[in-house]
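>>> fold the following, please.
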Amino acid sequence: MSNGIRGKIISSLMKSKLVIVGIPAIIKNSKGEILLGKREKNAPFYPSTWGLPGGLMDKGESIDGAIKREIKEELGVSSKVIKYGKIFNSLPTKECPIHSINIIAYCEIKGTPKPKDETSELKWFKPEEIKKMKLAYHHKEILKNEDVIKWKK
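As a prediction, this is how the structure comes out:
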């Protein structure tokens, strides 16, 4: 999808009362590191910020199908959903005025991920590194809610 069309859709969503479905994926390697993607500098929300792979569900798509599509688009690899995590309600913020309900998926990937689509860079991070980072959307809260990262307030 081109940035122009994506921008129009996002603008329309911001003005509507709709709630969208997000599908962030938690992907770990054998060392327990978590894969994050750096959003492109021209991304409409959270430019140049690290976040979980994933995106939005399209109308008529299954949850598994949406996750597989997003991972293929962003990482260029095939994937398999291992399990689902908790549902996470992302309320609108100043940085992203869209309300979304997120279905968290733990996934395995096949192959070496490479940045594609809206992702400029990919990197594996240790959970303790993520604790010090600013992540896109509510991804840090999602990881905390899933007990993937832990920190004291």
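>>> residue boundaries of the strands in the protein?
In the chain, the strands defined using DSSP state E lie at 20-22, 25-27, 34-39, 50-51, 78-90, 100-110, 119-125.
>>> now mean pLDDT and distance to Asp147 too, for the ones you listed, in TSV please.
For every residue, glycine as well, the C-beta is placed using N, CA and C. Shown next, in TSV, are the strands of the chain (pLDDT from 0 to 100; distance: least, CB to CB, whole Å):
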stretch	mean pLDDT	distance to Asp147
strand 20-22	92	20
strand 25-27	98	11
strand 34-39	97	12
strand 50-51	97	19
strand 78-90	95	9
strand 100-110	96	12
strand 119-125	96	16
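>>> which among the ones you listed is found nearest to Ile71?
Ile71 lies closest to strand 78-90 among the strands of the chain, at 4.2 Å (CB to CB).
>>> looking at the strands of the chain, which is closest to Glu146?
Minimum separation from Glu146 across those (CB to CB) falls at strand 78-90, 4.9 Å.
>>> how many neighbours does Ile87 have?
Counted with other CB atoms under 10 Å, the neighbours of Ile87 add up to 10.
>>> err, Gly111, not the other one
10.
>>> which ones are touching it?
Neighbouring residues of Gly111 by CB atoms under 8 Å, 6 or more residues apart in numbering: Gly76, Val77, Ser78.
>>> thought the last one was touching Thr112?
Just to be clear, that refers to Ser78. No: in this structure, Ser78 is not within contact of Thr112 by CB atoms under 8 Å, at 11.8 Å.
>>> between the two, which one's more packed in?
Set side by side, Ser78 and Thr112 show more neighbours around Ser78, with 12 against 9, by other CB under 10 Å.
>>> list the contacts of Val81.
Contacts of Val81 (CB under 8 Å, 6+ apart): Ile63, Asp64, Ile67, Lys68, Ala105, Tyr106, Cys107.
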